[in-house]
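*Asks:* My questions concern the predicted model and sequence given below.
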Amino acid sequence: MEDADYIVVGAGFAGLTAALRLTQAGHSVLVIEARDRPGGRTFTETRADGSYIDHGGTWVGPGQDRIHALMAELGVRSYKQYVDGQAMMLVDGKAHRYGGTIPWSMRPWVSGNLATAFLELRRMCASIPVEAPWDAARAVRWDATTLAQWLEWHVPVRQARRLLEMALAGSYTSAASELSLLFVVFQLASAGGPDFVLGVEGAAEDARPVGGMGAIYRPMADRLADVLSLGAPARSISQDSAGVTVRCDSREVRGSRVIVAVPVAIAGQIVYEPALPVDRSLLHQRMPSGAVLKCHALYDEPFWRADGLTGQSAAPGTAAAVTIDAGMHEEGPGVLAIVTEGPTARTLSRMAPADRRAAIIDALAHRFGPKASVPIEFTQQDWTAEQYSGGGMISHAPPGVLTEFGHALRPACGRIHWAGTETSAVMYGFVDGAVRSGERAAREVLAADAAA
Ligand SMILES: Cc1cc2nc3c(=O)[nH]c(=O)nc-3n(C[C@H](O)[C@H](O)[C@H](O)COP(=O)(O)OP(=O)(O)OC[C@H]3O[C@@H](n4cnc5c(N)ncnc54)[C@H](O)[C@@H]3O)c2cc1C
């Protein structure tokens with residue numbers, strides 16, 4: 001049995017941050033990570049030539065102060081997302097080029113309906129107390145409503161509805177019928193509103209760390225190298241009046257308290273002894289993840305830029321639902337990131353990799369022309385099949401869950417403390433939210449022991 005002051009389960013951004021802050025405060029820590037790499041839902045592949053691909057979380061935006069502070073601490077610079085040109089929206093086979101968040105080049109009633117829906121979402125977000133969305137004035141009604149129902153009632157123009165459904169339900173990688181409206185409004189509000197979550201410039205996809213997310217999580221893991229165990233899934237956590245014991249397949253570790261920093265969707269795979277309080281235990285059964293596939297097509301050059309395009313595109317229902325330029329900070333190959341979510345991602349997930357690649361490249365060629373059909377390289381990352389993420393991008397709440405069980409998301413259960421982006425009231429679902437949650441959990445265990 002090894003021991004330390006504190007145990008951290010999970011070496012994604014939340015767990016690494018918690019562990020780093022605790023060691024900086026002079027405490028001993030052991031970090032238990034299931035995968036054979038740190039980073040969790042961020043995963044940077046760095047090649048021999050120095051180029052890098054972010055297969056998971058990628059972008060940072062203004063207001064995401066905690067990830068920016070961490071980057072400053074580690075000396076990681078950022079570079080702006082390429083936005084010089086027009087984005088493209090494809091609906092019913094017709095391409096629309098546009099700038100900004102709303103595609104005003106579509107038929108006026110489509111753009112108008114999108115604009116009024118945005119206004120309504122902004123208004124709803126303003127009424128959400130992000131620390132306790134279940135206390136919002138309309139919480140019960142919104143939590144009994146699915147996103148699909150809200151779209152049906154508030155976005156009557158079919159094309160506008162399809163686009164917004166893809167953008168919103170896509171963010172939670174699920175069908176709109178699976179999502180609580182209260183959850184959607186809360187998540188948007190936690191990041192400042194729909195313009196931030198769905199936007200690029202000055203918003204959620206404003207910039208990237210030079211070197212990718214790995215330029216941040218690798219030095220964190222390096223600083224924790226002596227206390228970080230990889231390939232060690234925590235199987236059970238037991239607590240008694242003196243401390244906690246975390247059991248993996250081939251080792252046991254003991255500490256005063258444990259921070260569990262895994263996605264809520266899979267937190268229930270760990271056995272807790274004694275059993276967790278009923279609301280926390282049932283919460284683990286009620287916050288699933290969705291399906292998401294992130295691919296990259298690499299080309300000799302970013303040919304879409306010469307065509308006046310940013311590379312950002314959206315086409316509901318296609319194998320390449322969303323694309324965005326994912327080029328590096330210096331001259332390099334042209335890189336298109338392709339993200340496909342929800343039901344379409346599940347369909348793609350069932351296909352053989354070669355067929356999946358063919359379907360996605362076909363969609364790219366239809367959108368960007370014949371040059372798109374001959375990438376020099378193509379990568380596929382199916383988060384849906386990742387055992388230790390339980391899907392992606394983030395755990396969401398179906399109807400009824402936030403109002404009944406949301407209050408159990410953050411409070412510690414005795415000596416078991418919870419971190420992870422899903423526990424953050426601010427920037428829920430983002431890397432920044434994960435960092436905030438790790439910092440909060442570190443403060444929490446120290447305060448609890450100081451008070452004991
Ligand atoms: C395709 C995709 C794109 C995204 N894009 C962005 C983006 O551009 N910007 C952004 O801010 N966010 C983005 N996100 C979300 C972002 O990646 C996550 O919010 C963030 O990485 C979550 O960090 P975390 O530490 O909370 O959880 P995780 O990163 O999931 O870390 C949890 C860790 O716990 C480990 N673990 C699980 N079970 C156990 C166990 N039993 N024992 C031990 N260890 C265990 C896991 O292996 C993992 O390492 C994206 C996510 C995906 C999947």
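*Replies:* Done, it's in. Computed from a predicted model, the values in this text were never measured in an experiment. Numbering: from 1, shown residues only.
*Asks:* list the contacts for residue 373?
*Replies:* Residue 373 makes contact with 361-362, 364-365 under the criterion Cβ atoms under 8 Å, 6 or more residues apart in numbering. (C-beta placed from N, C-alpha, C; glycine too.)
*Asks:* Please repeat the previous calculation with a cut-off of 10 Å.
*Replies:* 297, 358, 361-362, 364-366 (Cβ atoms under 10 Å, 6 or more residues apart in numbering).
*Asks:* which of these has the most neighbours?
*Replies:* Within the contacts of residue 373, neighbour counts (other Cβ atoms under 10 Å) peak at residue 297, which reaches 26 neighbours.
*Asks:* I'd assumed residue 364 was in contact with that residue.
*Replies:* Yes. Contact between residue 297 and residue 364 holds when scored by Cβ atoms under 10 Å: they sit 6.2 Å apart.
*Asks:* can you list the residues of the stretch 301-450 of the chain near the ligand?
*Replies:* 383, 388-389, 392-394, 420-421, 429-432, 434 (Cβ under 6 Å from any ligand atom).
*Asks:* at 5 Å instead, please
*Replies:* Contact residues (Cβ under 5 Å from any ligand atom) of the stretch 301-450 of the chain with the ligand: 383, 388, 392-393, 420-421, 430-431, 434.
*Asks:* Please tell me which one of those residues counts the most neighbours.
*Replies:* residue 434 (34 neighbours).
*Asks:* Surely that residue is in a strand?
*Replies:* No. Secondary structure of residue 434 (DSSP: H, G, I helix; E, B strand; the rest coil): helix, not part of a strand.
*Asks:* That one contacts residue 57, doesn't it?
*Replies:* Yes. Between residue 434 and residue 57 a contact is recorded at 8.5 Å, counting by Cβ under 10 Å.
*Asks:* so what sits against both of those two?
*Replies:* 12-13, 40-42, 67, 394, 421.
*Asks:* Just give me the closest of the residues you listed to residue 376.
*Replies:* Using Cβ to Cβ, residue 42 comes nearest to residue 376 of the shared contacts of residue 434 and residue 57, at 24.8 Å.
*Asks:* Let me know whether that closest one touches residue 392 as I believe.
*Replies:* No. Contact between residue 42 and residue 392 fails when scored by Cβ under 10 Å: they sit 11.0 Å apart.
*Asks:* what touches both of those two?
*Replies:* Shared contacts of residue 42 and residue 392, defined by Cβ under 10 Å, 6+ apart, are found at 56-57.
*Asks:* ok, which pair from the residues of the stretch 301-450 of the chain next to the ligand is furthest apart?
*Replies:* Spatial extent of these (Cβ to Cβ) is set by the pair 388 and 430 at 19.3 Å.
*Asks:* what packs against the helix or strand in which residue 447 is found?
*Replies:* If you go by DSSP states H and E, residue 447 is part of helix 431-451. Here helix 431-451 touches strand 6-9, helix 13-24, helix 65-74, helix 214-223, strand 257-260, strand 416-418, going by 3 or more Cβ pairs under 10 Å, 6 or more residues apart in numbering; DSSP states H and E.
*Asks:* okay, and the helix or strand of this structure with the least pLDDT?
*Replies:* strand 94-98 (a mean of 87; mean pLDDT, DSSP states H and E).
*Asks:* Name the residues that touch that one?
*Replies:* Residues outside strand 94-98 that contact it (Cβ under 10 Å, 6+ apart): 85-90, 103-107, 110-111, 159, 163, 307-310, 312-315, 366-368.
*Asks:* just the helices and strands packed on helix 431-451: most buried one?
*Replies:* Of all those, strand 6-9 has the most neighbours on average by mean count of other Cβ atoms under 10 Å, namely a mean of 30.
*Asks:* give me the residue from the stretch 51-200 of the chain nearest the ligand.
*Replies:* Across the stretch 51-200 of the chain, the shortest distance to the ligand (Cβ to the nearest ligand atom) belongs to residue 57, at 2.5 Å.
*Asks:* And the average pLDDT for the helix holding residue 447 is what?
*Replies:* Helix 431-451 shows a mean pLDDT of 97.
*Asks:* for it, which positions count as buried?
*Replies:* 431-442, 444-446 (16 or more other Cβ atoms under 10 Å).
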